[in-house]
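Visitor: dropping a prediction and its sequence here:
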Amino acid sequence: MIKSINLKILLIFIVALAVGFSISVPITVYLFKNPIAQSIRNEYAMRSGLIADVYSRLAPAERGPYLKQLSETQKVSLWIYDRNGLRYAYGRASKHNLTDDDIRLVQDGAEVVKRMSVLPLPTSMNLGFPLRTADEQLAIVIHPESSETGLVLTMTGAFILIALAIGSFKFVLFTRIVVKPLRALTAATRKVAKGDYNIVLQTKSKDELGVLSEQFQQMAHEISQVERMRQEFVSNVSHEIQTPLASISGFVSILQKDGLNEAEQLRCLNIIRQESMRLSRLSENMLRLATIDSNHYPFHPTLVRLDRQLRRIVVAAEPQWAAKRLNIRLELPTTSIHADEDLLSQVWLNIFGNSIKFTPEGGEISIELRQENGEIGVVFRDTGIGIAEEDRKRVFERFYMADKSHNREAGGSGLGLAIVKRVVELHSGSVAIDSDLGKGTAVTVFLPAV
């Protein structure tokens, strides 16, 4: 398989020329074979008549010098035969291709023309004409030593024109191999421009056009996915913003009514405060995620004591897990890592926060640090409600919430694990979740060791 379009076009050009020249040979022979042969025959038949007329009038002693002079001036080789054999021979050619039988036929009054090559070149012809004198019947053989310039030029020009015409026609036919994928690619660009990303291109060839078609199809597929994600993102954002706004608007309307006691007013104000904080967290997480996704986010890795950082996260969240009387178990050996401390802190806050949210009162959360195979693993394991198998495949999607009702009550937005995954990827790591409904969840973050 040819993998270069330049080489493919060059081969097409060579093949087209080869086909053109090979076909033009028989065509040129067909067109010029008989006309050239007939033209030369007629010309030398006329010359032989003049030679015979002059030759018969000359004295025997004058005939040899006349024939010699004629051979030199007319650029021909001449042979004169009588009944006893060769009498005169003049010119550069040492012999001709007429046989003895041919000579006898000429002496009997016939004309004999023989060609030695396939192409009808004048220099390949030997012409035998009868030559009659007063006393005897002779045979003259004429061999042109040089071709007729006009005929040769005409034939050569015709040969080249025919070859170029056939070669060009074949080249146009062959280049359809190259033009066809270009036309398909052009049609595909029009579809993409109209918003239709369902592109199917045949990519059998492995040259630059084949690679371009394959990459264009892949690009259209990725754009389609991005467009779908954008629509889902807009829909999710609208929904996530609309829900707390509707709640705030509803409770503000309630507060505007008369007759509410202080307890009811405080309850409404507390709900309004919670929904406002939820909106604030949502916008903050969206901004953080958008910033991390951009190529301009300041990423400053330093040497971080991972065990100390995890302990600080646990201490900072003590009011939340202490309120639920959760048992926290830590296995944090001294471990250092190259990472952006602020970004990594957000990862541990999000994972640990989820464990606190979804672990019932009196449950247990363990955090374990381990190092093996050139990786550092941080495992958060809880005895919470767990995650269903169908939800585990989507928990890292933005705005996806496995238990929407529980998340809504807990103030979740579905962005926490999306942020976790993106930050871990920035650190060239990975995240894995192992969970079953009612049996708790284990989230493991793998990071490159120092």
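Guide: Arrived safely, thanks for sending.
Visitor: which residues in the protein form helices?
Guide: Listed in chain order, the helices of the chain (DSSP state H) span 5-57, 60-74, 100-107, 149-174, 176-193, 208-255, 262-293, 306-316, 318-323, 341-358, 389-392, 404-410, 416-426.
Visitor: got the angle for the last one vs helix 341-358?
Guide: Read it as helix 416-426. Going by axes from the mean of the first three to the mean of the last three Cα atoms, to 10 degrees, helix 416-426 is angled at 150 degrees with respect to helix 341-358.
Visitor: what's helix 416-426 packed up against?
Guide: helix 262-293, helix 341-358, strand 430-435, strand 441-448 (3 or more Cβ pairs under 8 Å, 6 or more residues apart in numbering; DSSP states H and E). Every residue, glycine included, has its C-beta placed from N, CA and C.
Visitor: ok, now with 7 Å
Guide: helix 262-293, helix 341-358, strand 430-435 (3 or more Cβ pairs under 7 Å, 6 or more residues apart in numbering; DSSP states H and E).
Visitor: so for His300, which of those sits nearest?
Guide: helix 341-358 (8.4 Å; Cβ to Cβ).
Visitor: which residues are in contact with that closest one?
Guide: 302, 304, 309-310, 313, 317, 320-321, 324, 326, 365, 380, 382, 384-385, 410, 416-417, 419-420, 423-424, 426, 443, 445 (Cβ atoms under 7 Å, 6 or more residues apart in numbering).
Visitor: and the helices of the chain, which one's lowest on average pLDDT?
Guide: Note on the helices of the chain: lowest mean pLDDT is at helix 404-410, with a mean of 47.
Visitor: I'd like to know how many residues surround Ala432.
Guide: Ala432: 12 surrounding residues under other Cβ atoms under 10 Å.
Visitor: surely it touches Thr444?
Guide: Yes - here Ala432 reaches Thr444: they are 4.8 Å apart, a contact under Cβ atoms under 7 Å.
Visitor: show me which of the contacts of helix 341-358 are buried.
Guide: 304, 309-310, 313, 317, 321, 326, 365, 380, 382, 384-385, 416-417, 419-420, 423-424, 426, 443, 445 (16 or more other Cβ atoms under 10 Å).
Visitor: how much space between Asp391 and Val347?
Guide: 20 Å (Cβ to Cβ, to the nearest Å).
Visitor: same drill for those two, tell me which one is more crowded.
Guide: Taking other Cβ under 10 Å, Asp391 and Val347 do not tie; Val347 has more neighbours (26 against 16).
Visitor: tell me the spacing between the more buried one and Phe446.
Guide: 12 Å.
Visitor: same question, Ile419
Guide: From Ile419 to Phe446 the distance is 17 Å (Cβ to Cβ).
Visitor: same check on Pro181?
Guide: Counting by Cβ to Cβ, the gap from Pro181 to Phe446 is 43 Å.
Visitor: so who does the closest residue in space to Ser276 that isn't next to it in sequence touch?
Guide: Closest residue in space to Ser276, ignoring its immediate chain neighbours: Ile248 at 6.7 Å, by Cβ to Cβ, 6 or more residues apart in numbering. By Cβ under 7 Å, 6+ apart, the residues touching Ile248 are 272, 275-276.
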